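Colleague: Okay, here's the prediction I keep looking at, along with the sequence it came from:
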Amino acid sequence: MSRALFAAVAVLPLVLAAGSAVAQSHGGHAGHGAHAAPARPAQARPPQARLRPAPKPRAAAPRPRPAAPAQTPAADPHAGHDMGAMQMTPAQAPAADPHAGHDMGVAPVAVADPHAGHDMSAMQMAPTQMPAADPHAGHNMAPAAAPQTTDKTCTCPKCAEGATTHDCVMPGASPVDPHAGHDMSSMSAAPVVDLHAGHNMGVAPVAAADPHAGHNMSAMAGGAPNIPTSVDAVGGRMVETPPPAAARAAPAHAADLLFDPAVMAASRKQLLAENGDVRITAVLIDSIEASFGDGEKGYGWNAQGYTGGDINRFWWKTEGEGALDGKLHDAEVQALYSRAVAPFWDVQAGVRQDFRPDGDDTTHLTVGVQGVAPYWFEMSAAAFLSTEGDLTARVEAEYDQRLTQKWILQPAIEIALSASDIPELEIGSGLTSVTAGLRLRYEIRKEFAPYVGVEWSRSFGDTADYAKARGDDVDATRFVVGIKAWF
């Protein structure tokens, strides 16, 4: 009995050592999860195991062998390999693990969230709980590296020791801006509140009157000379100062001091003739035409001309009519002195002589005006006082309407008046007659243009009664063909 007990005590350490080696071999495969052994209830050792053998004499009792030290398991050659495709022999197949696929770790018990499922967006934190805005959010706040230098003129201790490249700042270099490259537009400084905003600070001081207001300061240093203009003169006209006395001392023409005065006088006369005092002569044939109407066929003419200068001229005028069979009805000729009194306007005065087939010729004193009205209406008006004391007048107007450069349409009108009845001439007082015509001409040249047209005439008042007594029509319409020319 004592031997058996002694043998069991001696073998127990070996069994425990072998069991530990087997356990380590199962957990030594890298990448394989070791299965925790199921906990077993502790069993009480048999009474034999808890009893110690009775002490024996040292000589008689053999010394038990010490337990073999635990050996480090060998490295698994299949660590990290997928062994699922390997087929093992039945002898090698490990026994089925009853806990394969089970998570044997103890899961921590989660504490229930009292606000789970609640909408917390409407909750506002207290002001003391709101985190302060970081003014440097998004900025790189890492310290900027000092510029590298290899300048041998640096006097820092490192350069004095012979360093070639180190972190140092050259004398006078500006420090690195930690915000360089950052967008600081969103960083707005708080506006300074104006303590007087909206306050009435009293009446603004009245500006002192400028003593030079309205003065021309252009003649001051650096400005243009102050030259008087019409603005500075009263009435808008410059005051003409008389020439200096020295200007009267020399001859009237300074060129006479250098050239023969007789030669210079002839030159000035020629200059005057070529630049204003020019003598010109012209003949203007307003119309030479034949007329065809209900009655007899007739003819007529109207021409004038002048000779002289720009201011003073001699004018002559003539007009008349008759029948194509050679019978002359009447004709007149005027000789006039004309003087220009305004641009485009002349005053004329002279005599008029009438010729009639019955020999009742009449002479008139003539006074009138002739010129061009605005919009280029050519007009003339004249009053005639006969030697018998009869006063008559005549007004004429015409206008050239250019249709093209060659075609011109010319309307014209003539009105005759009489201050008294003239029975020997069969003329009544007042408005005696009106003649209106419309002629279309074609300018072959400026100096020569044939035309066609129509003319209407009518007698009024006592003059119409005289026409009826003669057996003539009061009004008549005629078709005319003629020529207009000048040279």
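Modeller: Noted; the coordinates are in hand.

Colleague: Enumerate every residue touching residue 332.
Modeller: For residue 332, the contact set (CB atoms under 8 Å, 6 or more residues apart in numbering) comprises 318, 319, 320, 352, 353, 354, 355. The C-beta positions use only the backbone N, C-alpha and C, and glycine is treated the same way.

Colleague: Looking at those residues, which are in strands?
Modeller: Among those, the members found in strands (DSSP state E) are 318, 319, 320, 352, 353, 354, 355.

Colleague: Between the residues you listed, which sits nearest residue 245?
Modeller: The nearest member of the ones in strands among the contacts of residue 332 to residue 245, counting by CB to CB, is residue 352 at 55.6 Å.

Colleague: Which pLDDT does the model give that closest one?
Modeller: Looking at residue 352, its pLDDT reads 98.

Colleague: tally of neighbours for the residue nearest to it when sequence neighbours are not counted?
Modeller: Nearest non-adjacent residue to residue 352, counting by CB to CB, 6 or more residues apart in numbering: residue 364, 4.1 Å away. When counting by other CB atoms under 10 Å, one arrives at 22 neighbours for residue 364.

Colleague: residues contacting residue 364?
Modeller: Residues near residue 364 by CB under 8 Å, 6+ apart: 351, 352, 353, 354, 384, 385, 386, 387, 392.

Colleague: Name the helix or strand for residue 262, please.
Modeller: For residue 262, the host element (DSSP states H and E) is helix 261-274.

Colleague: Could I get the buried residue list for that helix?
Modeller: Using 16 or more other CB atoms under 10 Å as the test for burial, helix 261-274 gives residue 264.

Colleague: got the CA positions of that helix in CSV?
Modeller: Taking Å, rounded to 0.1, in the frame of the first residue of the first chain, the C-alpha atoms of helix 261-274 are listed here in CSV:
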residue,chain,number,x,y,z
PRO,A,261,4.3,154.2,-104.6
ALA,A,262,2.8,154.4,-108.1
VAL,A,263,3.4,150.7,-108.8
MET,A,264,1.9,149.8,-105.4
ALA,A,265,-1.2,151.9,-106.1
ALA,A,266,-1.8,150.1,-109.4
SER,A,267,-1.4,146.8,-107.6
ARG,A,268,-3.9,147.7,-105.0
LYS,A,269,-6.4,148.8,-107.6
GLN,A,270,-6.0,145.5,-109.4
LEU,A,271,-6.5,143.6,-106.1
LEU,A,272,-9.7,145.5,-105.4
ALA,A,273,-11.0,144.7,-108.9
GLU,A,274,-10.3,141.0,-108.5
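
Colleague: Identify the residues contacting it?
Modeller: 251, 253, 255, 256.

Colleague: what do you get if the cut-off is 7 Å, keeping everything else the same?
Modeller: Contact with helix 261-274 is made by 253, 255, 256, as judged by CB atoms under 7 Å, 6 or more residues apart in numbering.

Colleague: what does stretch 316-327 give?
Modeller: Contacts of stretch 316-327 with the rest of the structure, by CB under 7 Å, 6+ apart, involve 296-305, 328-335.

Colleague: ok, now with 8 Å
Modeller: 290, 296-306, 328-336, 355, 357.

Colleague: Among the residues you listed, which ones are in strands?
Modeller: 290, 298-306, 328-336, 355.

Colleague: Please, where are all the helices along this protein?
Modeller: For the chain, the helices defined by DSSP state H cover 2-27, 47-50, 157-160, 246-249, 261-274, 461-470.
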